[in-house]
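Student: Sequence and predicted structure are below.
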Amino acid sequence: MTDVTTDSEVANGASGARGAKPGGRATSIPLMGHDEEPTIFELSSPGRRAWSFRTQDLPEWSAEELVPADQLAPAPVVLAEVSERDLVAHYTRLSHRQYAVDLGAYPLGSCTMKYNPKVCDEAASLPGLADVHPAAPAHLTQGWLELLVALGEGLCEVTGMHDITLQPPAGAAGELTGLLLMRAWHEAQGRQRTKVIIPDSAHGTNPASVTLGGYETVTVKSDERGCVSLAALQEVLDEDVAGIMLTNPNTLGLFEEEIAEIAAAVHEVGGLLYYDGANLNAILGVTRPGDMGFDIVHMNLHKTFAVPHGGGGPGAGPVAVSPRLAPYLPGPKPVRGADGVYGWAQPERSIGRVHGWHGNALALARAYAYLIANGGDGLRSIAEAAVLNANWIRHALRGSYDIPFDRPCMHECVVSATTLKKTKGVKALDVAKRLLEEGFHSPTVYFPLIVDEALMIEPTETESPQTVAALAEALVRIADGASPADAEAPRVNAVRRVDEARAARQLVPTFDARQEATPSPSPSPPSGAEQGAEELKAVGSI
Amino acid sequence: MGEERPGGAGSGSGIVPAMKIPDDLRYSSDHEWVRLEDGRVRVGITDYAQDALGDVVFVQVPEVGAVVSAGDSISEVESTKSVSDIYSPVAGTVVEVNPELDTAPQRLNEDPYGGGWIFVVEPADPADVEALLDAEGYRALVDG
């Protein structure tokens, strides 16, 4: 423990004062040193079980008796054999090495990693919500249906839209749904168009969704203020443009001030406006995409509405639309009948289902709890605090980092390590890894692509002024003390610098326990690319 | 090099080592180099480009036999930071691609002007190469 304390004091530049300082730094972890955690297979002992049934009155059947021979694996699957006690301890130890929103600030730009209030979890855990089977008939699920309808109405109110689907399970799924709606609408106008415009600062999911939606991507450059250039947009607008996908505020954290002119120009040629809701947190209760002229809006409930995320979900990416697109929404949709009884209805010209059942329903329940717990005035104060925190950070980092677009930002700010790289040989990635040593999660790096050595910082509204100050101080300290040795960071964390390039070049997405169980007989294992090729071959042959 | 838009990096002073810009090559403003070899042109990305991209993890090479126009996006370089388009610097036909990049994309980082070449084009008009930047012009571009 002495070593750990010394390490962190050096890393923090602390003046020796002990005890908690204000500001949510997670420098108190890891608790118990830096030993590597074995894999669950290394903890395995033949025959050990987590649980056994002491009395068995039921007849036993072998797998061969129950499953056709051609559907049986040639050999039993290798599974870890561990006791419940070892199992729980293993995953608890791993979880203690993980950074989490519940531990401290998580300024991962564009991801809106705000704290998720526990009351929302509690609401979604109510047996009346959690224990309902999705196939239960409408007359037994009136409460659930009322919740879904009310959530949809609330989200339409927040975005200024007319109608909504709650099915898409994530933001990217919402994008694809939106593009399929765009397609269906143009189809019904009698002429399919070919192109969708996106700015060069867009999220990478935008061009991917455009391609999946069957359109060609046309990129429009940002101007020197970091916004869509109306002149550049006019150049690419024609009758083949199906629409434009915009994030507002954009990925630089800047509000597209010419949005009204952009909307008019796109509508002029018969195109639709798609709102990427990744940055909706910045404008909650202040302005609405519908009022800006957008036709299709997706929301990331796992960002803006505090549904837990990271690690792959489950998220929720509802899509709200203007009246002319409502008939095409996915169905069946939860609806309130004239008699006050809730049921399901299929929109007249529905594009069909985009997800099984009713979306990630418990994520939707959490978002509804968040919506009504905050109310309209609460949502507005969320946006205001998020914007204030980001601007506070931007001011505090002046002089330590380059700020390519140094004017009032919205909920996140983008700074650059270009000068640090030039003068001290320290890149944005090194700064991000140094921040882990300081007890904070890293910001997003190298995005948006139009900023060199970008660090995209989104403190969110849930961090206190003390935590925002501590985060800014840590970033300033990193810049002041930057040295080529930072390429080794993080040095005091349980996991050191990972080799991202090797992970991508030698892509081994599955773990084969059999290789681990049988150590290589070769005294000098092959290295580098050879080893990767062998691993790939081994995985491919399973 | 469509997506990538590097700003002004080191020009030889300070801690960042000088970028290599061989005098005998031609360059595009998209940070690609071109070497004229018996009427054919070999193409890769510059030292500056590989440094800005970071560790290259995947290269999608064009099809041999593809007929391309100058400025066509015909290849893609993926690094741990981003995915960037590679454009054909001249019009012509792709006659050769670097087979090694499939298993060793890191050649672009290790040896950008040698083993990291990406493709060879038989130009429709070899004089097109003259329109590209020379070493001095490219140095002015990256120092600017």
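Tutor: Structure received.
Student: Report whether stretch B:55-75 contacts chain A.
Tutor: Yes: contact of stretch B:55-75 with chain A (CB under 8 Å from any CB of the partner chain) involves B:55-58. Backbone N, C-alpha and C define where each C-beta goes, glycine included.
Student: buried subset of these?
Tutor: B:55-57 (16 or more other CB atoms under 10 Å in any protein chain shown).
Student: Export those residues to TSV and append columns for secondary structure and pLDDT.
Tutor: Formatted as TSV, these follow (DSSP: H, G, I helix; E, B strand; the rest coil; pLDDT from 0 to 100):
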residue	secondary structure	pLDDT
B:55	coil	94
B:56	strand	96
B:57	strand	95
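Student: Of the residues you listed, just say which sits nearest to residue A:76.
Tutor: Checking these against residue A:76 by CB to CB gives residue B:57 as the nearest, at 35.7 Å.
Student: can you give me the mean pLDDT across whichever helix in chain B runs longest?
Tutor: When chain B is parsed with DSSP state H, its longest helix is helix B:135-143. Mean pLDDT, computed over helix B:135-143, is 93.
Student: Now do the buried residues in it.
Tutor: B:138-139, B:142.
Student: So which of those is the closest to residue B:80?
Tutor: residue B:142 (21.6 Å).
Student: right, and that closest one touches residue B:51 too?
Tutor: No: contact criterion CB atoms under 8 Å: residue B:142 and residue B:51 do not qualify, at 10.2 Å.
Student: Give the helix, strand or coil label for residue A:196.
Tutor: The three-state assignment at residue A:196 reads strand, by DSSP: H, G, I helix; E, B strand; the rest coil.
Student: Tell me who's in contact with it.
Tutor: If you count contacts by CB atoms under 8 Å, 6 or more residues apart in numbering or on different chains, residue A:196 has them with A:179, A:182, A:210, A:213, A:215-218, A:241-245, A:274.
Student: redo that, cut-off 10 Å
Tutor: Residue A:196 makes contacts with A:179, A:182-183, A:206-207, A:209-211, A:213-218, A:241-245, A:271-272, A:274, as judged by CB atoms under 10 Å, 6 or more residues apart in numbering or on different chains.
Student: again with residue A:475
Tutor: Residue A:475 neighbours (CB under 10 Å, 6+ apart): A:107, A:393, A:396-397, A:400-401, A:415, A:431, A:434-435, A:438, A:440, A:443, A:455, A:457.
Student: Which of the residues you listed fall within helices?
Tutor: A:393, A:396-397, A:431, A:434-435.
Student: Considering these, which is situated nearest to residue B:39?
Tutor: Once CB to CB is applied, the member of those that ends up nearest residue B:39 is residue A:431, at 47.7 Å.
Student: Double-check the closest one against residue A:479; I have them as touching.
Tutor: Yes: in this structure, residue A:431 is within contact of residue A:479 by CB atoms under 10 Å, at 7.5 Å.
Student: mind listing the strands for the stretch 401-542 of chain A?
Tutor: Using DSSP state E, counting those that start in this stretch, the strands of the stretch 401-542 of chain A run over A:413-416, A:444-445, A:454-457.
Student: will you turn those strands into CSV that also has mean neighbour count?
Tutor: Shown next, in CSV, are the strands of the stretch 401-542 of chain A (neighbours: other CB atoms under 10 Å in any protein chain shown):
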stretch, mean neighbour count
strand A:413-416, 27
strand A:444-445, 20
strand A:454-457, 26
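Student: Need these in CSV (columns: mean pLDDT).
Tutor: Output for these, formatted as CSV (pLDDT from 0 to 100):
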stretch, mean pLDDT
strand A:413-416, 97
strand A:444-445, 96
strand A:454-457, 97
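Student: As CSV, could you dump the C-alpha coordinates of the longest helix of chain B?
Tutor: C-alpha atoms of helix B:135-143 as CSV (Å, rounded to 0.1, in the frame of the first residue of the first chain):
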residue,chain,number,x,y,z
ALA,B,135,9.8,17.6,-53.0
GLU,B,136,10.2,21.3,-52.4
GLY,B,137,6.5,22.0,-53.1
TYR,B,138,5.4,19.3,-50.8
ARG,B,139,7.7,20.4,-48.0
ALA,B,140,6.1,23.9,-48.3
LEU,B,141,2.7,22.3,-48.0
VAL,B,142,3.4,20.3,-44.8
ASP,B,143,5.4,23.2,-43.3
